[in-house]
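Engineer: The following block contains a protein sequence and its predicted model.
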Amino acid sequence: MLSFLVSRLLQAAAVMTAVSFLCFVLFNFVGDPINNMVGQEASPQERAELRHGLGLDDPVPIQFLRFLGNAAVGNFGKSYRMARPVEHLIVERLPATLELVFCGALLALLFGIPLGVLTALRRDTWDTRAVMTFSLAGVAMPTFVSGILLIYIFSVECTGWMAWLGLPPGLCLPSFGRGDTVKIGWWSSGLLTGTGLKALILPSATLALFQMTLVLRLVRSEMLEVLRTDYIKFARARGLTNRAVHFRHALKNTLLPVITVIGLQVGGLIAFSIITETVFQWPGMGQLFIQSVQFADIPVMAAYLVMVSFFFVTINLIVDLTYAVIDPRLRVDRARAAGNAH
């Protein structure tokens, strides 16, 4: 197990280094930040002095090594647009993104897994057909379209159908912003306030919709495959109840391959929350990245993508370790490989 962990850590370090270098090199061709930092009346000498002060006249490998060394200690430099340390901007925006991703992933799992099991056990019924039709629409519909649709129903037109149902208009949901937050050390949380929870409903539902339908269809296909295996037939032959067969034997083996996909999808939620944050004006990392691209703010863009890559690598490592713990076949195979090596 130790050798497995060491090998995964080395792979993670190599991936992070490669991603960091590629991102840094690509962003050098996004645009010249000097043009956005000074006015048209700035002289060539002033531009050259500013470029030298930011270290932009150094060769790209030197800039990258300097960036890598500073990033290792949490120093990503200063934002060209805001003239503030990048790590401060990340600390301010990171809680909003992580809370949104956490709620989106939680909704996707809470609805996706039970509905996947339900549609696998109740094939060819009207409720299964309805759920599968909904899941197809969820997969096909772009995130920004589903977000705008939810805003239209639950924010714009909400007062009309709320009054028709006899409900107070205060139940309508906000269409932008994060609501009130509470400071817990450096962390700002909207989960502890009423307005923060209301503001979180629509963006988290939008972010969870695609992932929920993906989990639903994956669980259903795996469940149907497991139910056709021999050991499930033997379990039925032993006289076990359907409940024991479905939830003690079939579901456990169904979730093994699902864990890998779910782990990667959580990383995808962090990366692709940009669209959701833009639609709902959510003050998270995605919105900061979009603003940085418009301004060619290279330190912020590089730091953002390095951070997202770090989350991907970390989640992938946790998934690999979890998979090795819950699946004894992997431990046996690894022990045999180690024995053959000796």
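Structural biologist: On my side now, so go ahead.
Engineer: In three-state terms, label Q281 for me.
Structural biologist: Here Q281 is coil, with the state taken from DSSP: H, G, I helix; E, B strand; the rest coil.
Engineer: so it makes contact with Q287?
Structural biologist: Yes - taking contacts as CB atoms under 8 Å, Q281 lies within contact range of Q287: 7.2 Å. For glycine as for every other residue, the C-beta is placed from the backbone atoms N, C-alpha and C.
Engineer: neighbour-wise, which of these two wins?
Structural biologist: Q287 (20 against 12; other CB atoms under 10 Å).
Engineer: tell me which residues in the helix or strand where that one lies are buried?
Structural biologist: Using DSSP states H and E, Q287 maps to helix 285-295. Residues M285, G286, Q287, L288, F289, S292, V293, F295 are the ones in helix 285-295 that count as buried (16 or more other CB atoms under 10 Å).
Engineer: pLDDT weak spots in the stretch 201-342 of the chain?
Structural biologist: 324, 326-342 (pLDDT under 70).
Engineer: Check which residues of stretch 101-114 are buried.
Structural biologist: V101, C103, G104, A105, L107, A108, L109, F111, G112, I113.
Engineer: go on, stretch 161-175?
Structural biologist: Buried, per 16+ other CB under 10 Å, within stretch 161-175: M162, C172, L173, P174, S175.
Engineer: where's it relative to the chain centroid, distance-wise?
Structural biologist: 31 Å (CA atoms, centre = their mean, to the nearest Å).
Engineer: Ramachandran coordinates for R238?
Structural biologist: Dihedral pair for R238: phi -70, psi -10, per degrees, to the nearest 10.
Engineer: If you tally nearby residues, what's the number for it?
Structural biologist: By other CB under 10 Å, 9 other residues sit near R238.
Engineer: Please apply the same query to M212.
Structural biologist: Per other CB under 10 Å, the neighbour tally for M212 reads 26.
Engineer: Surely R81 is in a strand?
Structural biologist: No - using three-state DSSP, the assignment for R81 is coil, not a strand.
Engineer: Please verify my assumption that it contacts I298.
Structural biologist: No - taking contacts as CB under 8 Å, R81 lies outside contact range of I298: 10.4 Å.
Engineer: okay, those two: which has more neighbours?
Structural biologist: I298 (25 against 19).
Engineer: tell me the SS of the closest residue in space to L321 that isn't next to it in sequence?
Structural biologist: Closest residue in space to L321, ignoring its immediate chain neighbours: L5 at 7.1 Å, by CB to CB, 6 or more residues apart in numbering. At L5 the chain is in helix, as set by three-state DSSP.
Engineer: Over to the one 5 residues further on?
Structural biologist: Assigned with three-state DSSP, L10 falls in the helix class.
Engineer: and it, how many residues sit next to it?
Structural biologist: L10 has 10 neighbours, counted by other CB under 10 Å.
Engineer: what's the answer for M223, then?
Structural biologist: Number of residues near M223 (other CB under 10 Å) recorded here: 23.
Engineer: wait, it sits on N253?
Structural biologist: No - here M223 lies out of contact with N253, judged by CB under 8 Å, at a distance of 9.2 Å.
Engineer: ok, E46 to I34 distance?
Structural biologist: Using CB to CB, to the nearest Å, E46 is found at 10 Å from I34.
Engineer: Can you pull out the residues in contact with the helix holding Q287?
Structural biologist: Here helix 285-295 makes contact (CB atoms under 8 Å, 6 or more residues apart in numbering) with 30, 33, 36, 79-81, 89-90, 93-94, 96-97, 273-278, 281, 297, 300-301, 304, 307.
Engineer: In a markdown table: the buried residues of stretch 161-175, plus distance to K233 and pLDDT.
Structural biologist: Converted to a markdown table, these look like this (distance: CB to CB, whole Å; pLDDT from 0 to 100):
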| residue | distance to K233 | pLDDT |
| --- | --- | --- |
| M162 | 52 | 78 |
| C172 | 53 | 82 |
| L173 | 48 | 86 |
| P174 | 53 | 86 |
| S175 | 52 | 85 |
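Engineer: just checking, which of these belong to helices?
Structural biologist: Those of those mapping onto helices are M162, per DSSP state H.
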